[in-house]
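> how would this look folded up:
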Amino acid sequence: MPLVLVADDGPVRTITLNAPERLNALDLDVLAELREAIDDTANASTVGAVVVTGAGRSFCSGADLTGMFGDLTRPTEEIRDHLKGVYASFLGLRDLTVPTMAAVHGPAIGAGLNIALACDIIVGGPRARYGPTFAEIGLHPGGGCSWMLVERIGRSRAMAALLEGAIIAADHAHEIGLSDLRADDPLAEAFRLASRYARRAELSSAIKRSVDTATHAGFADSIDVEALAQAESTTNETFRNFLVEFAART
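Numbering: from 1, shown residues only. Purely as a prediction, here's the structure:
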């Protein structure tokens, strides 16, 4: 049975962690299949948006720690290099050029939280739980968690969450911006959004590129990217039709 399921419904691709009997905990086999799914998606010209979720009652309960770190008697530098390879298995989600949505219906703990954070939009259900719980088990955060939490909820809230290492409930997560949307059925809502964005795939990808530039580059670079993308978008049929309607009203 595949540990990661990939299903296409029109231009929307759903990637599902498929180890429900262990709450979709990540071991090296799951991560290898996840990386393959992400790499395939990056090369799939027919995919206009992506939804990431988990089978069963958990989004992802974190890493299977017994096998994740390998031989702990190795030098620290070797463990670091190994971990960076592990991180790359899911951080490829950040590099996808199409919008990505995490549908979080249950626990997203540790590395599972990282997978959700690597997506552009998090849709959380009433039973969602978000766990930056590294410190609670004596482990430093990894997998980009520190950076992605700061990006999403700000420095002070990220600092508090990581130092505390506690579970963040669905309502509080939404209040602080950890999740973007709440829905009784987060998978259905994420798919609805993905379908909408995929219908205007070229524009959605350009907007994602501009937002990424605005986040990580200076204002002048952002203006350059926006100006070119806006100029290119004037050729699409939706805008041209709107322009005709607008002109008729004036």
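> tally of neighbours for residue 37?
Residues lying near residue 37 (other C-beta atoms under 10 Å) number 23. (Glycine included, C-beta is placed from N, CA and C.)
> Would you mind confirming that it is in contact with residue 15?
Yes. Using C-beta atoms under 8 Å, residue 37 makes contact with residue 15 at a distance of 5.2 Å.
> which residues do those two both contact?
Contact criterion C-beta atoms under 8 Å, 6 or more residues apart in numbering; residues shared by residue 37 and residue 15: 4, 6.
> which residues sit in contact with the residue nearest to the spatial centre of the chain?
Geometric centre of the chain, nearest residue: residue 119, 1.4 Å, by C-alpha atoms, centre = their mean. Residue 119 is in contact with 50, 52, 93, 100-102, counting by C-beta under 8 Å, 6+ apart.
> among these, which two are most distant?
The span of those, defined through C-beta to C-beta, is set by 93 and 101 at 10.4 Å.
> which one of those two has more residues nearby?
residue 101 (29 against 24).
> Just the element for that one, please.
Using DSSP states H and E, residue 101 falls within strand 100-104.
> Packing partners of that strand?
Strand 100-104 is packed against strand 49-54, helix 111-117, strand 121-124, helix 186-199, with contacts defined by 3 or more C-beta pairs under 8 Å, 6 or more residues apart in numbering; DSSP states H and E.
> could you give me the average pLDDT of it?
Strand 100-104 comes out with an average pLDDT of 99.
> so what strands line up beside that strand?
Partner strands for strand 100-104, per DSSP bridges, with pairing direction: strand 49-54 (parallel), strand 121-124 (parallel).
> of those, which approaches residue 214 most closely?
Closest approach to residue 214 among the strands paired with strand 100-104 (C-beta to C-beta): strand 121-124, 16.3 Å.
> in its sheet, what does the following helix or strand past that closest one sit against?
Of the helices and strands lying after strand 121-124 in sequence (DSSP H and E), the nearest is strand 129-131. Strand 129-131 has its sheet partners listed here by DSSP bridges as strand 107-109 (parallel), strand 168-169 (antiparallel).
> of the helices and strands packed on strand 100-104, which approaches residue 60 most closely?
Residue 60 lies closest to helix 111-117 among the helices and strands packed on strand 100-104, at 2.8 Å (C-beta to C-beta).
> now the closest one: mean pLDDT?
Mean predicted lDDT for helix 111-117 stands at 98.
> Buried residues of that helix, list them for me.
111-117 (16 or more other C-beta atoms under 10 Å).
> One more: stretch 44-53?
Buried residues in stretch 44-53, counted by 16+ other C-beta under 10 Å: 44, 47-53.
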